[in-house]
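Peer 1: this is a predicted model, with the sequence first.
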Amino acid sequence: MRISDSQLISNLADLGVERRPAEKLSELTSLGIGGTTDVLRIAKHESIPEVLSLLDANHIPHKFLGGGSNLLVDDGQLPWVVLQLAPPEPDVDLEGNLAYVDAAADLGRTVTFCAKHDLGGMEGLIGVPGTVGGALRMNAGAYGMQIGTYVREVKLYRAATREIETLRGHQISFEYRHTSFAADDMMLAVILELPSKPYNEILKGIRICNEKRRSSQPLGQKSAGCIFKNPPGASAGHMIDELGLKGLSVGDARVSDRHANFFVNTGRASAKDMLALIDDVRGRVQKAYGVALKNEVVVWNA
Ligand SMILES: Cc1cc2nc3c(=O)[nH]c(=O)nc-3n(C[C@H](O)[C@H](O)[C@H](O)COP(=O)(O)OP(=O)(O)OC[C@H]3O[C@@H](n4cnc5c(N)ncnc54)[C@H](O)[C@@H]3O)c2cc1C
């Protein structure tokens, strides 16, 4: 969607919003798939209620983008604009065992920064791309840990009240790749409480996790991580592998040869290709195991 009203463009600029017209989401997502729309970069959290009121008043729908590493975005001209937070400088502050982190901060850099200050716990998240906000939304985790464990407080914009609010950790439920945030909540910042650990020890843990990733995931290829959530007590990747579906392709969308729950874009895959592959694999697993796999990847349909 293109914003063409010059008054609206000027009002957004007054609120510190940078408009990047006609961005290709294929260049902003790790899968390398997605059509074109205006991206609005928001520099000040405080301006968000007003920015959203302006968009509502002008009947402009929006979606919220973090680092684009868990997304499958539709092709073509997209019928909504994309909002993205611009990270402040610095985006992480430490005070004792507390890390004050902006939602736009890069997750991996945050883990490393905390580690260098002898704050651990998040070693498993080192290879998870994307932002801290995106990690909170999905309760990102790996190798037995999840970010939700360390959340003490979240500052968020709630569309339901149109206000910026603060939730304490115990008010939020963090489950396997699922949280109790409303679909239109926008995470703005978080306070993490992290255990003290010597840097060398954290580094050892990080190296082990990195090695596990390198040996099992198609890291050099375009993907969105795991396509499906693991069903209770089972592994979606093992089921797909057991059915011999590694290498199955629709156009340039392909089930990775390395990790059967990673679907990769080997060239110019379209969203249509990737969605067809996802449906095909889901159907085969349903038929063979009677299990309906649920998406872990977030699909933005036009
Ligand atoms: C190679 C690879 C490995 C991966 N490994 C893992 C893994 O081990 N574990 C794991 O959990 N995930 C993994 N992922 C998936 C992905 O990196 C995570 O889900 C990540 O946390 C998504 O963050 P993001 O900022 O990129 O979110 P995006 O992809 O930009 O967005 C994902 C969803 O979160 C929403 N969102 C993003 N930011 C915010 C915010 N501030 N407020 C509200 N909503 C927001 C978006 O609207 C969207 O619905 C992997 C991905 C890749 C490509």
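Peer 2: The structure has been received and is ready for your questions. Residues are numbered from 1 along each chain as shown.

Peer 1: the helices in the stretch 201-302 of the chain, which residues?
Peer 2: For the stretch 201-302 of the chain, the helices defined by DSSP state H, counting those that start in this stretch occupy 236-242, 271-289.

Peer 1: is the ligand contacted by the longest one?
Peer 2: Pointing back at helix 271-289 there. No - if you take CB under 6 Å from any ligand atom as the test, helix 271-289 misses the ligand, and the best it gets is 13.4 Å. For every residue, glycine as well, the C-beta is placed using N, CA and C.

Peer 1: in that helix, which residues are buried?
Peer 2: By 16 or more other CB atoms under 10 Å, the buried positions in helix 271-289 come out as 271, 273-275, 277-278, 280-282, 284-285.

Peer 1: export the helix or strand where L192 lies to CSV, keeping only CA atoms.
Peer 2: In this assignment (DSSP states H and E), L192 forms part of strand 186-193. Provided in CSV are the C-alpha atoms of strand 186-193 (Å, rounded to 0.1, in the frame of the first residue of the first chain):
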residue,chain,number,x,y,z
MET,A,186,3.1,-4.1,20.1
MET,A,187,6.1,-4.9,22.4
LEU,A,188,8.2,-1.8,22.9
ALA,A,189,10.8,-2.7,25.6
VAL,A,190,11.5,-5.4,28.1
ILE,A,191,13.3,-5.8,31.4
LEU,A,192,15.1,-9.2,31.6
GLU,A,193,16.4,-10.5,34.9
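
Peer 1: can we start the residue count at 9 from this point?
Peer 2: Got it, the first residue is 9 from now on, which makes the last one we talked about strand 194-201.

Peer 1: neighbouring contacts of that strand?
Peer 2: 53, 56, 72, 91, 93, 105-111, 122, 130, 140-141, 144-145, 155, 158-165, 167, 172, 189 (CB atoms under 8 Å, 6 or more residues apart in numbering).

Peer 1: just those residues that are near the ligand?
Peer 2: 72, 111, 141, 145.

Peer 1: spatially nearest residue to the second one, not counting backbone neighbours?
Peer 2: What it means is A111. G141 (3.0 Å; CB to CB, 6 or more residues apart in numbering).

Peer 1: next, count neighbours for the one you found.
Peer 2: Counted with other CB atoms under 10 Å, residues neighbouring G141 total 26.

Peer 1: average pLDDT across the helix or strand hosting it?
Peer 2: If you go by DSSP H and E, G141 is part of helix 140-146. The average of the pLDDT scores along helix 140-146 is 97.

Peer 1: who are the packing partners of it?
Peer 2: Other helices and strands packing on helix 140-146, by 3 or more CB pairs under 8 Å, 6 or more residues apart in numbering; DSSP states H and E, are helix 115-124, strand 186-187, strand 194-201.

Peer 1: list the strands paired with the helix or strand just after that helix, with their directions.
Peer 2: Helices and strands here follow DSSP H and E; after helix 140-146, the next one along the chain is strand 149-150. Partner strands and pairing direction for strand 149-150 (DSSP bridges) are strand 153-154 (antiparallel).

Peer 1: which outside residues touch the partner strand?
Peer 2: With CB under 8 Å, 6+ apart, strand 153-154 has contacts from 129-133, 147-148, 182, 184.

Peer 1: buried residues in stretch 252-267?
Peer 2: The neighbour-count check on stretch 252-267 (16+ other CB under 10 Å) flags 253-254, 256, 258-264, 266-267 as buried.

Peer 1: go on, stretch 295-310?
Peer 2: 299, 301, 303-305, 308.

Peer 1: now render those residues as TSV, adding pLDDT.
Peer 2: As requested, those are exported to TSV (pLDDT from 0 to 100):
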residue	pLDDT
V299	98
L301	98
N303	98
E304	98
V305	98
W308	98
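
Peer 1: can you list these in CSV and add distance to S223?
Peer 2: What follows is these, written out as CSV (distance: CB to CB, whole Å):
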residue, distance to S223
V299, 27
L301, 24
N303, 26
E304, 21
V305, 23
W308, 31
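
Peer 1: strands - which of the residues you listed land there?
Peer 2: W308 (DSSP state E).

Peer 1: and the closest residue to the ligand within the stretch 159-308 of the chain, what does it touch?
Peer 2: Using CB to the nearest ligand atom, G233 is the residue of the stretch 159-308 of the chain that sits closest to the ligand, at 2.4 Å. By CB under 8 Å, 6+ apart, the residues touching G233 are 38, 77-78, 136-137, 270, 304-305.

Peer 1: from those, which is closest to S61?
Peer 2: Distance to S61 across the contacts of G233 (CB to CB) is lowest for N78, with 28.1 Å.

Peer 1: so where's this structure uncertain?
Peer 2: By pLDDT under 70, the chain contains no weakly predicted segment.
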